[in-house]
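**Student:** what follows is a protein structure lacking sequence information:
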């Protein structure tokens, strides 16, 4: 566990070429004609993404949004995928300044046994969900690969598709969980600036920037069919972070054409520990991130979580978002256990609507809620 072997060729080398790149000089020289040229193109490259993330492009948000809407309808129709996260443990050995699960925070720690996981799964599946994303804190000692694999096997009995968001594993360890039914992986790099990454990750295995960055590649090589990546916006300049998230996705798509690459857009939310060194990311900034990525990746799934307020989430759907969470609890056992028995939450949610309410909202704005788009045969 946590051998932290590096890949010979990976996105780490791909991103290194931007270490000395002068982003601000580039953006200062972007013209309105540059933006219009990019919006007229069908296939975009790295420089085009940079242009769409520039300050100059802010004046063209309406045009960017219209194209993003058209592309999303073209590739996905009026559909939105629904999922819910399920927290099965909150033990963590990392010291992350921005996270409620950080090792140094004094919180109620909890780990579900398999019978409790089955009860959670039964309750969630009765709401109609066909995909589950299950999460733990990052503690291989308390939630070893064997525990994660066993949990996946239990969940596979209730859900055709099982997604995983736990600590990064070696390739062989991913193979173990894939054989138990895991087909998708979510792993956020949190921040793509290696220096800032070291500043906000104060201790624990997560402090290893490169090992975490290469996680999606190890998972795909092990048989995971879909990976969801993201930056935690607010730790660094959002334009730079979103660009690097984009080229991370570009690298994965080019290197592993057989895999689905999805993008998440997350802003820091309040949590236990009170991290306050946050760089502001406005609603308008987040919209620019979403429409830029949709223009760059017309056939990718774009996800927005309950970190965002309900009204704002609703308005993001026509702009390119086609996957959202519903009926969310970020507490361990939060779907079936009472508040006293459940583990404490990772962060405060901003959209507290039930699954039924989310489904009705989607129908009201002309979209069809989709619970199932994939089934693995394990």
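**Tutor:** Structure's in. What do you need? Source: prediction; values computed, not measured. Numbering: from 1, shown residues only.
**Student:** and stretch 227-239, how far from the chain's centre?
**Tutor:** Distance of stretch 227-239 from the chain centroid (Cα atoms, centre = their mean, to the nearest Å) equals 9 Å.
**Student:** what residues does stretch 174-188 touch?
**Tutor:** By Cβ atoms under 8 Å, 6 or more residues apart in numbering, the residues outside stretch 174-188 that reach it are 131, 133, 145, 148-150, 152-153, 155-156, 161-165, 168-169, 212, 215-216, 218-219, 221-232, 264, 266, 374, 376, 378. Backbone N, C-alpha and C define where each C-beta goes, glycine included.
**Student:** which of these fall in helices?
**Tutor:** Among the contacts of stretch 174-188, the residues falling in helices (DSSP state H) are 145, 148-150, 152-153, 155-156, 212, 215-216, 218-219, 221.
**Student:** of those, just the buried ones, PyMOL syntax please.
**Tutor:** If you want just the buried ones from the ones in helices among the contacts of stretch 174-188 in PyMOL, going by 16 or more other Cβ atoms under 10 Å, the selection is:
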select buried, resi 145+148+149+152+153+155+156+212+215+216+218+219
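**Student:** residues near residue 126, how many?
**Tutor:** If you count neighbours by other Cβ atoms under 10 Å, residue 126 ends up with 9.
**Student:** for the one 5 residues further on, same thing?
**Tutor:** By the measure other Cβ under 10 Å, the count of residues near residue 131 is 22.
**Student:** and for residue 264?
**Tutor:** Residues near residue 264, counting by other Cβ under 10 Å, number 19.
**Student:** pLDDT score for it?
**Tutor:** We have a pLDDT of 97 for residue 264.
**Student:** for it, list the residues it contacts.
**Tutor:** 186, 188, 228-230, 302-305.
**Student:** would you turn those into a markdown table with distance to residue 94?
**Tutor:** Shown next, in a markdown table, are these (distance: Cβ to Cβ, whole Å):
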| residue | distance to residue 94 |
| --- | --- |
| 186 | 17 |
| 188 | 13 |
| 228 | 20 |
| 229 | 19 |
| 230 | 17 |
| 302 | 27 |
| 303 | 23 |
| 304 | 25 |
| 305 | 20 |
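**Student:** now these in TSV, with pLDDT?
**Tutor:** Listed next are these as TSV, based on pLDDT from 0 to 100:
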residue	pLDDT
186	97
188	96
228	98
229	98
230	96
302	98
303	96
304	93
305	87
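**Student:** out of the residues you listed, who's the most crowded?
**Tutor:** When neighbours are taken as other Cβ under 10 Å, the top entry among these is residue 302 (26 neighbours).
**Student:** for that one, give the beta-bridge partners.
**Tutor:** residue 263 (DSSP bridges).
**Student:** and it, how far is that from residue 41?
**Tutor:** 19 Å (Cβ to Cβ, to the nearest Å).
**Student:** ok, now residue 349?
**Tutor:** 38 Å.
**Student:** looking at these two, which one has more neighbours?
**Tutor:** Counted by other Cβ under 10 Å, residue 349 and residue 41 do not tie: residue 349 has more neighbours, with 18 against 10.
**Student:** next, the more buried one: secondary structure please.
**Tutor:** For residue 349, the assignment made with DSSP: H, G, I helix; E, B strand; the rest coil gives coil.
**Student:** just checking, it touches residue 330?
**Tutor:** Yes - between residue 349 and residue 330 there is a contact at 6.2 Å, judged by Cβ atoms under 8 Å.
**Student:** let's see which of the contacts of residue 264 end up in strands.
**Tutor:** Of those, the ones assigned to strands by DSSP state E are 186, 188, 228-230, 302-304.
**Student:** low-confidence ranges, the stretch 251-378 of the chain, go.
**Tutor:** Scanning the stretch 251-378 of the chain for pLDDT under 70 picks out 270-276, 339-348, 373-378.
**Student:** can you give me the strands in the protein?
**Tutor:** For the chain, the strands defined by DSSP E cover 79-87, 95-96, 131-135, 161-165, 182-190, 201-203, 226-233, 260-267, 302-304, 323-325, 368-370.
**Student:** spatially central residue for this structure, please.
**Tutor:** residue 264 (4.1 Å; Cα atoms, centre = their mean).
**Student:** and the closest residue to that one other than its chain neighbours, what is it in contact with?
**Tutor:** Among residues not flanking residue 264 along the chain, residue 230 sits closest, at 3.5 Å (Cβ to Cβ, 6 or more residues apart in numbering). By Cβ under 8 Å, 6+ apart, the contact set of residue 230 is 186, 188-189, 245, 263-266.
**Student:** swap the cut-off to 7 Å and go again
**Tutor:** For residue 230, the contact set (Cβ atoms under 7 Å, 6 or more residues apart in numbering) comprises 188, 245, 263-266.
**Student:** dump those residues to JSON lines, plus distance to residue 176.
**Tutor:** As requested, the contacts of residue 230 are exported to JSON lines (distance: Cβ to Cβ, whole Å):
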{"residue": "188", "distance to residue 176": "22"}
{"residue": "245", "distance to residue 176": "28"}
{"residue": "263", "distance to residue 176": "27"}
{"residue": "264", "distance to residue 176": "25"}
{"residue": "265", "distance to residue 176": "31"}
{"residue": "266", "distance to residue 176": "28"}
